[in-house]
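>>> got a predicted structure here, sequence first:
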Amino acid sequence: MSEVVVPSAELERRTIRRSDFVSCDQAFIDCRTPGSDRKENYAMIGPGVSQAAGQYVNLRLPHGFNIGAAAMPHGITNNLHLHYTAEVFVCTEGEYLLRWGADGTEGELMLRAGDVVSVPTWIFRGFTNTGPDSGWLFTVLGMDDTGGIIWGPSVLREAAKHGLHLSADNELIDTAAGDELPAGDDLVEPMRQEYIDGLRRYSVEEMRRRVAAGDELRWSERPFIDSTLPGGGARLSCVIGYGMTEDADQEPRIFNPHGHNAAWLRAEPGQGVSTHRQHESQTLIVKDGTWEVTLNRTDPVTVRLGPRDILSVPPDAWRSLRNTGDERGDLLVVSSGDGRVRLEWDDEVLKSAADAGLGLDHNGYVAPYALLPRSARRW
């Protein structure tokens with residue numbers, strides 16, 4: 001594999017800081033519905049499911065997934081809707097009540113800071129900020145093209161009272177602003193009851209199994225071959241899919257295919273992940289702490305990230321991560337694809353690991369170096 005060298009300008013383009021986020025309060029059809037009219041929608045990587053032509057998108061490069069966010073004051077609700085692809089909520093601040101079902105009464109769960117929930121496709125879901133202050137939810141949506149969403153029948157009927165309709169092309173029509181309604185079947189109608197009756201139902205217990213609560217995460221102390229080496233030492237909690245773990249005993253909280261995987265990476269001050277690369281698209285979202293990410297082995301370029309900052313790392317680029325703050329830091333790692341992410345380590349890392357008695361077996365997991373066949377031993 002040839003070496004990908006990332007110029008400083010490309011690193012800057014792929015760095016999305018909190019101050020770069022641009023909100024849109026007209027992203028969805030319920031933007032005038034009382035109780036939902038103060039939502040702020042963000043699209044950082046890909047347009048997500050926004051229905052507003054004016055939605056600002058920080059980075060439109062295809063990643064195999066979309067990343068956005070929802071910010072809502074206390075008491076504000078995101079109304080019931082249905083997704084075709086995976087929708088993952090990452091609560092980094094505040095408290096949200098998640099509910100589901102065509103009328104929102106099939107079940108509800110509370111989400112708090114540090115919680116991640118994967119909501120199944122083809123069920124209606126909505127959420128309300130029940131915390132005392134404005135909360136923050138990052139969203140990770142499966143695939144580059146999400147297909148948009150289907151709104152609950154009551155949401156469409158209420159929006160029509162305020163002059164808002166939805167075209168068959170998933171665009172908002174505002175009759176209050178002078179837009180004309182299309183003729184025929186070019187207007188989205190509420191879902192018929194026969195289709196609602198055919199949707200799968202999820203119990204509270206079934207949905208709870210799709211939540212990786214922040215205070216219940218299972219961490220691998222040695223997820224990588226550099227876990228005992230200087231510059232390494234990061235811990236990993238697999239949330240969706242196996243991702244990049246090299247710990248043969250580690251399992252994710254959520255298994256089903258999403259089109260991406262996600263994991264929490266945690267490091268104490270001075271710790272991180274040594275120089276490596278991967279073929280999949282990767283995005284880093286900082287929850288807390290101060291992180292330094294360096295790309296390239298030749299002509300290295302470095303960026304420092306703080307809470308809510310996002311970095312899109314190009315496929316096949318060499319990278320290393322380090323917590324440069326004074327306290328423990330957590331960040332969410334999202335990579336494309338449903339399979340395992342096989343890391344390629346810099347030769348110096350592998351040699352140091354071998355000196356410490358560790359290597360990678362033919363399945364890509366950390367194992368005692370002395371027990372590996374000669375074909376897996378290079379030093």
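Good, I have the coordinates.

>>> and the strand or helix carrying Leu82, what does it pack against?
According to DSSP states H and E, Leu82 maps onto strand 77-83. Secondary structure elements in contact with strand 77-83, counted by 3 or more Cβ pairs under 8 Å, 6 or more residues apart in numbering; DSSP states H and E, are strand 124-129, strand 149-151, helix 153-161. From N, CA and C alone the C-beta is placed, and that goes for glycine too.

>>> let's go with 6 Å and repeat that
Judged by 3 or more Cβ pairs under 6 Å, 6 or more residues apart in numbering; DSSP states H and E, the packing partners of strand 77-83 are strand 124-129, strand 149-151.

>>> quick one: the helices in the stretch 51-200 of the chain, in order.
Per DSSP state H, counting those that start in this stretch, the stretch 51-200 of the chain has helices spanning 153-161, 193-197. These are given in chain order.

>>> so for Asp288, which of the ones you listed sits nearest?
Proximity of those to Asp288 was assessed by Cβ to Cβ; the nearest stretch is helix 153-161, lying at 34.5 Å.

>>> what does that closest one rub up against?
Residues lying outside helix 153-161 but in contact with it, judged by Cβ atoms under 6 Å, 6 or more residues apart in numbering, are Ile29, Asp30, Thr33, Asn79, Leu80, Pro190, Met191.

>>> each with direction, which strands does the strand holding Leu82 pair with?
strand 124-129 (antiparallel), strand 149-151 (antiparallel) (DSSP bridges).

>>> most tightly surrounded among the helices and strands packed on strand 77-83?
Among the helices and strands packed on strand 77-83, judged by mean count of other Cβ atoms under 10 Å, the one packed with the most neighbours on average is strand 124-129 (a mean of 24).

>>> state the mean pLDDT of it.
Averaging pLDDT along strand 124-129 yields 96.

>>> now stretch 236-256
If you average the pLDDT over stretch 236-256, you get 97.

>>> now it: buried residues?
Along stretch 236-256, these residues count as buried under the neighbour rule (16 or more other Cβ atoms under 10 Å): 236-247, 250, 252-254.

>>> and for stretch 202-217?
Tyr202, Met207, Arg210, Val211, Ala212, Ala213, Gly214, Leu217.

>>> show me which of those is closest to Thr298.
Proximity to Thr298 was ranked across the buried residues of stretch 202-217 by Cβ to Cβ; first place goes to Leu217, at 36.7 Å.

>>> need the contact list for that closest one.
Contacts of Leu217 (Cβ under 6 Å, 6+ apart): Ser237.

>>> for Tyr242, see how far away it is.
Noted for Leu217: a distance of 15 Å to Tyr242, by Cβ to Cβ, to the nearest Å.

>>> before we move on, what about Glu10?
29 Å.

>>> about what we covered before: among the buried residues of stretch 202-217, name the ones in strands.
Assignment to strands by DSSP state E places the following of these there: Val211, Ala212.

>>> now distance to Ala356 and pLDDT too, for the buried residues of stretch 202-217, in CSV please.
Below are these laid out as CSV (distance: Cβ to Cβ, whole Å; pLDDT from 0 to 100):
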residue, distance to Ala356, pLDDT
Tyr202, 46, 97
Met207, 43, 98
Arg210, 38, 98
Val211, 37, 98
Ala212, 31, 98
Ala213, 34, 97
Gly214, 32, 96
Leu217, 27, 97
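
>>> farthest pair in the buried residues of stretch 236-256?
Spatial extent of the buried residues of stretch 236-256 (Cβ to Cβ) is set by the pair Glu246 and Ile254 at 19.7 Å.

>>> shaky segments in the stretch 151-300 of the chain?
Per-residue confidence of the stretch 151-300 of the chain (counting by pLDDT under 70) places no residue in a weak region.

>>> what is the burial count for Glu344?
Summarising burial for Glu344: neighbours were counted as other Cβ atoms under 10 Å, giving 15.

>>> check contacts around it.
By Cβ under 6 Å, 6+ apart, the contact set of Glu344 is Arg277.

>>> per-residue pLDDT, it?
With respect to pLDDT, Glu344 scores 98.

>>> how far away is it from Glu280?
When Glu344 is compared with Glu280 (using Cβ to Cβ), they lie 12 Å apart.

>>> equivalent analysis for Tyr202, please.
Distance of Tyr202 to Glu280, computed by Cβ to Cβ: 29 Å.
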